[in-house]
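Colleague: can you look at this prediction? I've put the sequence above it.
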Amino acid sequence: MTLRVERDEESGVAVVTLDRESRHNAIDLETARELSAVWREFRFDEEVRAVVLTGSGAAAFCTGIDRGVEVPQPASPYSADDPLIAIGPKAADLWKPVVAAVNGMACGGAFYLLGEAEFLIASTTATFFDPHTSYGMVSAYEAVYMAQRMPFGEAARMSLMGTAERLSARRAYEIGLVSELTAPEELLPAALRAARTLAGFPTQAVQGTVRALWSAKQAALQQALAQAPALIALGNLPPERQADLFTNRSRTQRPRLR
């Protein structure tokens, strides 16, 4: 198991923890399957009325897809397989509120999860960045999710600047990506406090409000995501070239924090 799921039946809150601390909670195929399964399970669990999503350890919330994962792809860009496409709660048709508690780095494929949470609470040590362009990859799904959560210029800057910059928790709070900042030791208590409040309200009203909020953005989101496979197929460098860039930049580049 690469997820840790803890349920508090008294409060109605479940805590889902990405549990691959040694890999900075990067998502492999097993993690992707487990995430998809747990969101669908929560749809039928009446005892779970709100969810907190976080990562194990202090270094990272999630660093996206595990680079050790190989996903064979069909030749046609119209049939591209994205192993992360179903890891978020909304992809599983879950309309119970999800509060993301971001500890440490959140980058790349982590935005599939953050993009489908209701709101984010972050430790003051959290950072956000999107490494795709640095490694010769198109940021498509990630950029779309973040463009719906951040001012356009900020989303564009993060998506384009790759590993050269990281968005600090303070800046993320200032632009509205993060709704609350906490000391590292207060992160989970703050997220649980919010989730317990939501779980204590009449559940149909809460879920209906979640659904209403998402209806305001979902049509545009789906249209934008539909363009992603072709853009990735056209713009990505070959995998071996990506690997070379990853190795060389990881050794030499120190990101600027803003």
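Modeller: Yep, that arrived.
Colleague: can you pull the phi/psi pair for residue 123?
Modeller: Main-chain torsions, residue 123, degrees, to the nearest 10: phi -70, psi 150.
Colleague: so who does it touch?
Modeller: Neighbouring residues of residue 123 by CB atoms under 8 Å, 6 or more residues apart in numbering: 58, 101-104, 169, 181-184, 187. In short, each C-beta sits where N, CA and C put it, glycine included.
Colleague: likewise residue 161?
Modeller: 129, 133.
Colleague: repeat that for residue 95.
Modeller: Taking CB under 8 Å, 6+ apart as the test, what residue 95 contacts is 207, 210-211, 214.
Colleague: can you say which of these are buried?
Modeller: 207, 210 (16 or more other CB atoms under 10 Å).
Colleague: ok, so of the contacts of residue 95, who is nearest residue 121?
Modeller: Using CB to CB, residue 210 is the member of the contacts of residue 95 that sits closest to residue 121, with 16.8 Å.
Colleague: wait, isn't the closest one in contact with residue 97?
Modeller: Yes. Assessed by CB atoms under 8 Å, residue 210 is found in contact with residue 97 at 5.5 Å.
Colleague: overlap in contacts, the two.
Modeller: Taking CB under 8 Å, 6+ apart as the criterion, residue 210 and residue 97 both touch residue 118.
Colleague: can I get the lengthiest helix in the chain in CSV, CA atoms only?
Modeller: In the chain, taking DSSP state H as the definition, the longest helix is helix 218-235. Extracted in CSV, the C-alpha atoms of helix 218-235 (Å, rounded to 0.1, in the frame of the first residue of the first chain):
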residue,chain,number,x,y,z
GLN,A,218,-16.0,22.5,-15.2
ALA,A,219,-17.0,23.1,-18.7
ALA,A,220,-14.0,25.3,-19.4
LEU,A,221,-11.8,22.8,-17.6
GLN,A,222,-12.9,19.8,-19.6
GLN,A,223,-12.5,21.7,-22.9
ALA,A,224,-9.0,22.7,-21.9
LEU,A,225,-8.0,19.3,-20.8
ALA,A,226,-9.2,17.8,-24.0
GLN,A,227,-6.4,19.6,-25.8
ALA,A,228,-3.7,18.3,-23.6
PRO,A,229,-2.8,14.9,-25.2
ALA,A,230,-2.1,16.4,-28.6
LEU,A,231,-0.1,19.3,-27.2
ILE,A,232,2.0,16.9,-25.1
ALA,A,233,2.6,14.6,-28.1
LEU,A,234,3.7,17.5,-30.3
GLY,A,235,5.9,19.3,-27.8
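Colleague: could we number from 28 for the rest of this?
Modeller: From this message on, residue numbering opens at 28, which makes the last subject helix 245-262.
Colleague: which regions of the chain sit below the pLDDT cut-off?
Modeller: Applying pLDDT under 70 to the chain flags the ranges 104-105, 251, 257, 263-264, 266-267, 270-273, 275-279.
Colleague: got the residue ranges for the helices in it?
Modeller: Along the chain, the segments classed as helices by DSSP H run 56-71, 137-141, 168-174, 179-188, 196-201, 214-227, 230-242, 245-262, 266-279.
Colleague: could these be laid out in TSV, adding distance to residue 100?
Modeller: Shown next, in TSV, are the helices of the chain (distance: least, CB to CB, whole Å):
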stretch	distance to residue 100
helix 56-71	14
helix 137-141	18
helix 168-174	15
helix 179-188	22
helix 196-201	33
helix 214-227	36
helix 230-242	30
helix 245-262	8
helix 266-279	10
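Colleague: so which of the ones you listed is the most packed in?
Modeller: Highest mean neighbour count of the helices of the chain: helix 137-141, a mean of 27 (counted as mean count of other CB atoms under 10 Å).
Colleague: how far away from the center of its chain is that one?
Modeller: From the chain centre to the centre of helix 137-141 is a distance of 1 Å (CA atoms, centre = their mean, to the nearest Å).
Colleague: which elements pack onto it?
Modeller: Counting by 3 or more CB pairs under 8 Å, 6 or more residues apart in numbering; DSSP states H and E, the packing neighbours recorded for helix 137-141 are strand 87-89, strand 125-129, helix 168-174.
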